[in-house]
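Attaching a predicted model along with its sequence, questions to come.
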Amino acid sequence: MLISQRPEAVLLLADGTVFKGRAVGAPGTTTGEICFNTGMTGYQEIFTDPSYTGQIMTMATAHVGNYGVKDEEVESGSVKIAGLVVKKFSEVWSRPGGHASLDDYL
């Protein structure tokens with residue numbers, strides 16, 4: 001599904017600041033502390049790292065999702081982050097040995 005066709009999403013900060021975007025991954029409402037990561041690759045490891053449990057992850061890299069996910073590249077058995085904020089979420093992924101899109105994984 002194209003990003004432009006996805007449901008609208010809102011990020012509401014404690015001070016009342018609102019950011020609007022589009023939703024990907026699991027539907028619903030979440031809360032959490034906003035944190036960031038500056039890694040250019042390794043998003044699957046970041047999202048499954050128990051140290052980020054319950055946090056809303058902001059990725060500094062411009063594109064996220066373009067290489068999908070692989071079963072063996074995890075830090076734990078499930079996604080630990082409570083939410084994800086990115087500038088550009090890739091709708092298409094390509095990777096030898098990859099088994100799913102990041103959207104399906106989330």
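That came through, no problem.

State the distance from the spatially most central residue of the chain to Tyr52.
In the chain, the C-alpha nearest the mean C-alpha coordinate belongs to Leu84, at 3.9 Å (C-alpha atoms, centre = their mean). Leu84 is 10 Å from Tyr52, where distance means C-beta to C-beta, to the nearest Å. Bear in mind the C-beta positions are built from the backbone N, C-alpha and C, glycine included.

hmm, back to that, may I have the beta-bridge partners of the residue nearest to the centre of the chain?
Per DSSP bridges, the residues bridged to Leu84 are Met57.

looking at the chain, which residue ends up farthest from its center?
Max distance from the centre of the chain (C-alpha atoms, centre = their mean): Asp15, 23.3 Å.

name the element that one belongs to?
Under the criterion DSSP states H and E, no helix or strand holds Asp15.

Which residues are in contact with Gly97?
Going by C-beta atoms under 8 Å, 6 or more residues apart in numbering, Gly97 touches Lys70.

Distance-wise, check it relative to Lys70.
Note on Gly97: its distance to Lys70, by C-beta to C-beta, is 6 Å.

cool, Phe89 as well?
18 Å.

Which one's more surrounded, those two?
The residue with more neighbours, out of Phe89 and Lys70, is Phe89; 23 against 14, by other C-beta atoms under 10 Å.

Relative to Leu2, how far out is that one?
The value you get for Phe89 to Leu2, if C-beta to C-beta is used, is 11 Å.

now Leu13
For Leu13 relative to Leu2 (C-beta to C-beta), the value is 28 Å.

still on that earlier bit, relative to Ile34, how far out is the residue farthest from the centre of the chain?
12 Å.

That'll do, ta.
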